[in-house]
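J.: sequence first, then the predicted structure:
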Amino acid sequence: MTQLSDSGKIYKDLCEMAGTGNVMCDEPMSRHTTFRVGGPADFLVTPAVGSLPGVADYCRQQDIPYLIIGNGSNLLCSDEGVDGVVIEIGKAMADISVESGAIKAGAGALLSAVAAEAARSGLAGMEFASGIPGSVGGAVAMNAGAYGGEMKDILSSVTILTPEGGIKDIPVEELSLSYRHSAIPEKGYIVLAAAFSLKEDRQESILSRMDELKEKRISKQPLEYPSAGSTFKRPEGYFAGKLIEDAGLRGYTVGGAQVSEKHCGFVINKGDATAADIRALMEHIQATVKNMFGVELEPEVKFIGRF
């Protein structure tokens, strides 16, 4: 990893801004991603909403590379780790409030928690997100979806931090939401919170739909193993998992990484995988599917660090 010029001063400065208990040095990223792999970040900061703008501005002013993450559910971090500062938006920014049929949630709130609160409040529309293992910020930034639903279907507005340090609310229409895409990363925005517009329904009906989707996940997805969910985006006109299965790659293994035997759209960590194993397996899948069917599989997983 790149050695920062004055790591002691950087640590002291970050602690002054975010609090000593919220700054970690040489923190293994395997503790902060659902793949459970990844080497150490120089610094990992878990700021509250009040200190986040200062931390991000400090990194920019000092020319320190920084990365914003949420629950780490779509990241593959290098075995060599991550240079600079990883800013993890989590429990300190996870408030959820309900008012007049709308829910507002902090970027660090888990989608499962927001969906559960919606159900308790008799608000429908978020059932599809109840099993997505991500946080609100990351889900909004990539327009996460499952079972026919997407963030764009229920979002009304997003509160963001601009690269210049301003905070503003942006209506959903201005986010350019499409399949696994939004304008948020392109514009350098950091999601602080999101407001969702849902419909009233009977709590029993909402919970029933959530239970039905839960059963589908349990029966069809390898939830017992670390993974990043769907490894590849859905190619137009195809299903990634079906292509991978038809290529004869069910159960194919590279080191500790494996194409799930339960669902070929998932690459899983069998317990001792490295990031290099997972990356190599993904590349083998892409090459095989391209050679056999002429289809380019685009990773849904984001690669962090040097590979």
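T.: Nice, I can see it.
J.: now the one helix or strand A195 maps to: buried residues?
T.: Here A195 is covered by strand 190-197, with elements defined by DSSP states H and E. By neighbour count on 16 or more other C-beta atoms under 10 Å, the buried set for strand 190-197 is I190, V191, L192, A193, A194, A195, F196. C-beta here means a position set from N, CA and C on the backbone, and glycine is covered the same way.
J.: what about this protein, any weak spots by pLDDT?
T.: Scanning the chain for pLDDT under 70 picks out 1-5.
J.: apply 90 and report the result again.
T.: Counting by pLDDT under 90, the ranges of the chain that qualify are 1-7, 99-102, 306-307.
J.: which stretches of it form helices?
T.: Secondary structure of the chain by DSSP state H: the helices cover 7-18, 52-61, 111-120, 136-142, 203-220, 240-246, 275-293.
J.: out of these, indicate the one that is most buried.
T.: helix 136-142 (a mean of 27; mean count of other C-beta atoms under 10 Å).
J.: please enumerate residues in contact with that one?
T.: Contacts of helix 136-142 from elsewhere in the structure, counted by C-beta atoms under 8 Å, 6 or more residues apart in numbering, are 68-71, 73-74, 89, 105-111, 114, 129, 132, 144, 151, 155, 158, 175, 180-182, 184-185, 190-194.
J.: now with 6 Å, please.
T.: Under the contact criterion C-beta atoms under 6 Å, 6 or more residues apart in numbering, helix 136-142 has outside partners 70, 89, 105, 107, 109, 111, 151, 158, 180, 182, 184-185, 191, 194.
J.: show me the contacts for T274.
T.: Residues in contact with T274 (C-beta under 6 Å, 6+ apart) are D79.
J.: and if you look at P222?
T.: P222 is in contact with S260, K262, F266, I268, counting by C-beta under 6 Å, 6+ apart.
J.: distance of it relative to R250?
T.: 12 Å (C-beta to C-beta, to the nearest Å).
J.: with E300 instead?
T.: Using C-beta to C-beta, E300 is found at 19 Å from R250.
J.: ok, now Q286?
T.: The gap separating Q286 from R250 is 16 Å, by C-beta to C-beta.
J.: go on, E261?
T.: Remark: distance between E261 and R250 (C-beta to C-beta) = 6 Å.
J.: can you check V259 too?
T.: Using C-beta to C-beta, V259 is found at 6 Å from R250.
J.: these two: which is more packed in?
T.: Neighbour totals were compared for V259 and R250, and V259 leads with 26 against 16 (other C-beta atoms under 10 Å).
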